[in-house]
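*Asks:* give me the fold of what follows.
(chains A and B)
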Amino acid sequence: MNGTADICNHCRNMIREKEKGMKMSRHISTGPSSFIPENEIIGAMPLNDSTVMFLDEEFSGRMDNLTQVMGLHPHYLQAFLRCHYYLLRMDGPLPLHYRHYIAIMAAARHQCSTLVCQHVQEFEQIGVCSDWLRGLEFCPQRLRNLNEINKILAHRPWLITKQHIQALVKTGEHSWSLAELVHAVVLLAHFHALASFVFGSGVNPDPEVTEVNGVTDDICPPAMAGLCTCHLTNSNQGNRNPLRNPDTGSELEALMERMKRLLEEREDDDASEEEMFTRFEKEKKESLLVVSAGFDEEVVPPSPVARFVDDPSFGYQDFARHGEDNPPTFKAQDYTWEDHGFSLVNRLYSDIGHLLDDKFRTACDLTYYNMASHEGVDTSMLRRALFNYVHCMYGIRYDDYDYGEVNQLLERNLKVYIKTVTCYPERTTRRMYESYWHQFRHSEKVHVNLLLMEARMQAELLYALRAITHYMT
Amino acid sequence: MEKLTRVSTISGRTMFCHLDAPANAISVCRDATQVVVAGRNIFKIYGLEEDGFVERLNLRVGRKPSLNFSCADVMWHQMEENLLATAATNGAVVMWNLARPCRNKQEQLFTEHKRTVNKVCFHPTEVNMLLSGSQDGFMKCFDLRKKESVSTFSGQSESVRDVQFSIKDYFTFAASFENGNVQLWDIRRPDRYERMFTAHTGPVFCCDWHPEDRGWLATGGRDKMVKVWDMSTSRVKEIYCVQTIASVARVKWRPERRYHLATCSMMVDHNIYVWDVRRPFIPFATFEEHKDVTTGIVWRHQHDPYYLLSGSKDSTLYQHMFKDASRPVDRANPEGLCFGLFGDLAFAAKESLMSAPPSVGDVGRKTYPGGDRRYPIFFFKKPDVTEQFEQVSSALSVFESEAGSSVGMDWFINTAQSYLLSGKPFGELCEHNAQVAKRLNRPQESTTWTMLRIMFSEPANPSLSSNHNLNKSGNLPLVNSFSMKEMSAALSERNKENRQDNLHSLETNLNNNDENEETEGSEGQAEYLFGDAELDDDDLYSMEHDNQAAEEPEYLLPQEAFPLRHEIIDHPSAPEPVQERPESPHVSGSETESTCLTSTESFSLISVSQLLFSPHLPPKFFCPIVKEMLCYYAEQGDVQMAVSVLIVLGDRIRKEIDELTQEHWYMSYIDLLQRFELWNVSNEVIKLSTCGAIMCLNQTSTTLHINCSNCKRPMSNKGWICDRCHQCASVCAVCHHVVKGLFVWCQGCSHGGHLEHVMEWLKHSKHCPAGCGHLCEYT
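*Replies:* As a prediction, the model looks like this:
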C-alpha cells in the first residue's frame, strides 16, 4: 500500500515540475468525473421537467460536472438542488456573499478546489467585498470567528461543545445571532459533505469555472483537480482495470448470500446486550485500523486554497483512540434528526428543516431494487449498514442496530473507501474507488457516495445542533 | 360508578425531586400513589407522599445494565397494579412484575421489533393485552400469557410514534406515524387498517383518546399543532386546532374537564401548557418549573383534574398543583390597537370600558364622533357552565384618518417621491430637499437640509453664480423673491412681527407667479428639467420663450439666486422649534441644531456680503453634530430623513457612523418604502447605498423565466434561441432580427422587440408593430 503513496507523491512532484515548465492541458480527463467513463453519465439523465426548470433557473442552462454526476440519480438530484439553492440563494438570515464565503471556507478545509473555485466565482459575481478573496485575514473578524467550528465540524465534530456556540453568540461586536449561526452551520456541514462527494466520485472541476480570469485563475491551477494526479496514468477511457481479480464474480454472490443469511438469522439472533455493545465498540475500534495507506506522514503541499484555511494541521483523528479518554458515545435515540434536529433548525431558519428532511429521506430511501446484475433485491440492509457505519465512525450509536451486520456486509476495501471519503476525502484515489464492488455499476457507486455524504452531513449537523440546544437550555 | 371511585384522599402540593438522570417517560399506578420514571439511565418507582417524593424501588439492577433498561416509554398497568411495561431503545418490549420476590423484576422480554420501540400501551380493560409501536413501522399486540406476539399490524409506512387503545371502544386502537398519518385499527383484523387520514405535516408524535367523548382523538405533531378529531362520523373531521410554539411531544386530556388538554413540547420550549381547545390562542394554564424539555406528563389520577405529574430532561420529577399554575390570560392585555395602512386606527376593548363617558382631554375620544365612523361588533357567546372564562363582549371601533391628517403617511410618500438623492451637486440636492420638506409643511426637516448645505457645500461658488444670473435675466428677480417667500412661508407665520415688513414688498410682486407654481409645480418631470437646466445658460433662455418658462426659474433659481438673503431670514427662525414645542422630547436634537446654528450664524452675520462661512471651519467640524442629528431622526422614527441625509452627504459623513447602524437604517427605510409600494424609490436607495449587505439586495431574485414562443417550453441557456426547437424565440417585431439586448414587449399582446425600435414605432403608430391589431402603449 505504501507503493500507492509513493506513486502519488512521485506524480505530484512530476506534475509540479511540468507546471513550472509548460502549460499543461487543462483537464486530467474528459467528462464530468475522472472515475466514471463519460458515456455512463451522459444520456443517463431522464430528468423531469421541474428539475430541468430548476437547473435552467440556477445554472442558466449549464450543468456543472457535479450536477451531471449526481444526475445519475435524478430523484435525489431534485431534492439536493432545492436544498442547495435554498441555502445559497433564497431568503435566509445571512447575506449572499457571506454564504458563498462560508462555502469557500468549508470546502477549503478539505482542499476541495473544485468547490472553492466555483464559489469564488459566485462570490465575485455578487460584486461586493472582493478583497475577502485574498484570504481569511481580509475578511471580517466575524467570519474568521467561524474558523473554529469550521475545523471542528470538518474533522472531529464530536468535539464541538456549547462553549463554542457561546463564544460565537455572546454579545459583542462580532457576535452571531442564533439564526445566522444555524444558517452558517448548515452551510458548513453541507459543503463538508459535498466535498466528500466531489472527491468520492472524482468530480472534475468545471472548465468554465477554471477559465475565469483574475483571482480565480491563480486559485485554480489547471491540474489541481484536488485529485491525486496519478489518475493521469489511468485515464478512464481505457476500461482496463489492472486490479480486477478474475474471481470477483463470486464476490457479488457472496454478498447477496450474506444478506440473505442475515435476514434469516435476525429472527433467532438473541445477542445479549453486552454482545451488541461489544460489536459496536469493535466496529468503532476497527475503523481505526482501516487507514488509507501511508498518507499520515505526508504534508499536504500548500495549495492556493490554503489562504482560506486556518490551522491547516488540524485534521481528522479517530473518534475512538487507543488508550485515551474517549468522548462519550453519542446515543442516537437521545438526539435524533427527526425529533430534535429538525425542530431546532426549522425554528431558527425556517423551511430549511423540510428541505433537509426531504434530502435525507430521499437519500436513505432511494433504491432501484437492483444490485449489480441482480434485480428485485431489497437493499435496505446494505443502505442502513453504510449509513450507520459512517455514524459509527463519528461515534454515533443506534441502540437498535446490530453492528455485526456492518462487518458482514462491508468488505475491507469498501471500509477503506468509506473512511477515506468521509473523514479525509482529499486522499481519495481512483484506486480506492475501483477496489470495491467490482461488478457494481458506476451509478450504484455514486449511490453509495450519496449515502456517505448524507450520513456525514447528518452526523455533523447532529453534533452542532446538539451543542446549540445545550447552549439554549 | 366511576364517579364514586373518585378519590378524595389525594392531597399534596407543588413539589419536585431530583432524579439521577434525564427521564424519557413517566406513568402512574391506578391508585395514584406511585409513579414510575423511565429513561436511558433511570428506571425507578417513587411514592407520592404528602410532602414529597419517596424513592420506593430501583428497577435498574444488575452488574452491567443492559440496553433493555434503556427506556423510551413506560406504562403502568391500569388494572393490575404490579405490572409495568417498558419500550426499550434497542427494540425490546419488557414486562415487569413488581410482585416477583427477587431483585430483578423483569418478567418477560419480547424482542420481536427490529428497531426502537417508541410506545407501549396496555388495554384499558383487558388485563392481558399489550400493544407496542416501533420505528420499524410495525405494531404488535402481545398476550401477556404467551411468549410472543399474537398479531402484528403493518402500517405500510414509516415509523410508528404512538399507539393508544380507545377507552370507549373495546377493539379499536389508534396509531400515529412519522409521515403525518393516523391510522385506526381493529384489534381483530391485523391485515388492514380501518381508517387512515393525514393529521399533520411531518411526524405525529402523540395521540390521546378523549376519556369521555367517544371518538374524539387529540393528536400533536412536529408542525407545532394540536388537533382534535371527531371519528364518530363517517368522515373524520378536525374539530379543534391549537397552534403552539414548538413541536408537540405529548398530549393528555385533562380529567373531568371536557375541553382541556395538557401538552408539552419536544424541543426548545420547556413549559407545560393546559389548553382549552375552544380557546386556542392563549393557554388556559402554564407550568413553568422545568429547566429542560418536558418528556413525560401524566394526570395523577384519572378523575382528578388538579394534579399533574411531569418528568423532564433536566432530571427532575414534578408534581404540579393546578392552583399554582400561572394563568397567561390574567396577564394578557384585553385591549387591542392597530394602525391600518392608510392611517386608520382600530381599537377593540371591553364593552364596559368603551361605553364609559369620554374623559376630558383624551385625544383619542375626541376623534370618536360615533355614528358612521364607528363599526361596533359584538361577540355573544352562549354561557357555558363548564367554561371557566369570564364572559366578555368586546367592541371594535375604527377611527378613520382624515385626509391629510398627521396620522396619515402621505408626507412619507410625498417626501420619498420628491426627494432627490443623487445626480446633482450637493448643494442643489440639499436645496431641493429643503424645498420639498417645506412644501410638505415640515419646517424642521427643511431647516436641516438647509443647514447641511451650508455646513458642507463648497464656499464661494453660490454667490458668484447667482450674481451672474441676476444680471443676465430680466424676470429673475421676480421669481427669486417668490422662492424666498416660499422658503419663509412657514417661518413668517411665527415671526411675522419682525419679518413681515421685509417681505411685504416682495409678496406684492408674487401673485402672478403663485398661480404658475400651483399648476405646474407638481408635475413629475422635475428631474428631467433639472437635467436640461444644467446644460448651459443659452439653453435656458431659449427655453424661457416656451410656455414652460415659469417652471424653469422655479427649479433653477433657488440653487443660485438667493442664498445670501435666505441666510438672514432663515437663521433666527431656526431655533424656534425648540421654543414653540416645549412638550416635544427633542432635547438632544434641538440642541445639536442650535449649536450648529449659532456657530454658522455668527459667521454669516460677519460676512453677509461675502462668504457664508469662514474657510477655517472644515466640514469635518460638523460631523459629530450631523451624526448626532441623524441618530436623533432615526430614534424619532423618521428613518427616511436619516437615510436621505446619509445618501446625500455620502462620503462626508459615512465614516462617522458605523456600518451596522447604517445597514439597519437602510433596511428599515427600504422596508417602509416597499410597504408603500414605492419600488422605484426603494431601488434607488438600494443602488445608492454603500453597505455591502444592502447592495446585494438587488442581486436576489433577478431571474426572469421565459418560455419559448414557438414550442412553449421553458427557455434555457440563452434568451434568444430555444434549445429544443432551435428557433429564435425573441424576434423584433419591427426589424425582424433577433433581439440580443434589451427586449421590450407589450403585456397585452406580448409582441415586442428592440427597445429603440419599439419606441420609434409607437411614436408614429398606435397599433402593435406585429400587426396583431392590439393597441399597444409605451409608457
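*Asks:* let me know the distance separating B:E777 from B:K740.
*Replies:* Per Cβ to Cβ, to the nearest Å, B:E777 is found 25 Å from B:K740. For every residue, glycine as well, the C-beta is placed using N, CA and C.
*Asks:* once you drop chain neighbours, what's closest to the residue in the stretch 401-550 of chain B that chain A sits nearest to?
*Replies:* Among the residues of the stretch 401-550 of chain B, B:S422 lies closest to chain A, at 19.2 Å counting by Cβ to the nearest Cβ. Counting by Cβ to Cβ, 6 or more residues apart in numbering or on different chains, B:S422 lies nearest to B:L688, which is 5.6 Å off, once chain neighbours are set aside.
*Asks:* ok, now which ones touch that neighbour?
*Replies:* Counting by Cβ atoms under 8 Å, 6 or more residues apart in numbering or on different chains, B:L688 makes contact with B:L421, B:S422, B:I647.
*Asks:* helix, strand, or coil at B:M667?
*Replies:* Here B:M667 is recorded as helix under DSSP: H, G, I helix; E, B strand; the rest coil.
*Asks:* A:L143 and A:H97 touch, don't they?
*Replies:* No: assessed by Cβ atoms under 8 Å, A:L143 is found out of contact with A:H97, at 10.0 Å.
*Asks:* common neighbours of those two, please.
*Replies:* Overlap of the contact sets of A:L143 and A:H97 (by Cβ under 8 Å, 6+ apart) consists of A:W132.
*Asks:* more crowded one of the two?
*Replies:* A:H97 (24 against 18; other Cβ atoms under 10 Å in any protein chain shown).
*Asks:* is that one in contact with A:S130, as I believe?
*Replies:* No: contact between A:H97 and A:S130 fails when scored by Cβ under 8 Å: they sit 9.1 Å apart.
*Asks:* find the closest residue to chain A in the stretch 201-350 of chain B.
*Replies:* Closest approach between the stretch 201-350 of chain B and chain A, counting by Cβ to the nearest Cβ: B:M267, at 4.0 Å.
*Asks:* so who does the nearest residue to that residue once chain neighbours are set aside touch?
*Replies:* In this structure, B:M267 finds its nearest non-sequential neighbour in A:S343, 4.0 Å apart by Cβ to Cβ, 6+ apart. Counting by Cβ under 8 Å, 6+ apart, A:S343 makes contact with A:G353, B:R222, B:A246, B:S247, B:M266, B:M267, B:V268.
*Asks:* and the nearest residue to the fifth one once chain neighbours are set aside, which of the three is it?
*Replies:* Okay, so that is B:M266. What sits nearest to B:M266 in space, not counting adjacent residues and going by Cβ to Cβ, 6+ apart, is B:A249, at 4.0 Å. Judged by three-state DSSP, the three-state class of B:A249 is strand.
*Asks:* and residue 306, how many neighbours?
*Replies:* If you meant another chain, say so; for now it's chain A. Neighbours around A:A306, by other Cβ under 10 Å: 15.
*Asks:* if you could check chain B rather than the one you did, that'd help
*Replies:* 18.
*Asks:* does it touch B:M321 like I think?
*Replies:* Yes: at 6.5 Å, B:Y306 counts as touching B:M321 under the criterion of Cβ under 8 Å.
*Asks:* which stretches of the stretch 551-700 of chain B have low pLDDT?
*Replies:* Scanning the stretch 551-700 of chain B with the threshold set as pLDDT under 70 gives B:551-619, B:699-700.
*Asks:* quick check, the residue in it closest to chain A?
*Replies:* B:G692 (4.0 Å).
*Asks:* which residue packs closest to that residue, ignoring adjacent ones?
*Replies:* Closest to B:G692 by Cβ to Cβ, 6+ apart is A:V128, at 4.0 Å.
*Asks:* does that neighbour sit in a helix, a strand or a coil?
*Replies:* Reduced to three states by three-state DSSP, A:V128 is coil.
*Asks:* is there a neighbour count for it? I'd like the number.
*Replies:* A:V128 - counted by other Cβ under 10 Å - has 18 other residues nearby.
*Asks:* which bits of the stretch 201-350 of chain B sit near chain A?
*Replies:* For the stretch 201-350 of chain B, the contact set with chain A under Cβ under 8 Å from any Cβ of the partner chain comprises B:202-203, B:205, B:222, B:246-247, B:249, B:266-268, B:270, B:291-293, B:314.
*Asks:* for ChimeraX, what selects the buried ones among those?
*Replies:* Only the buried entries of these go into this ChimeraX selection, using 16 or more other Cβ atoms under 10 Å in any protein chain shown:
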select /B:202,203,205,222,246,247,249,266,267,268,270,293,314
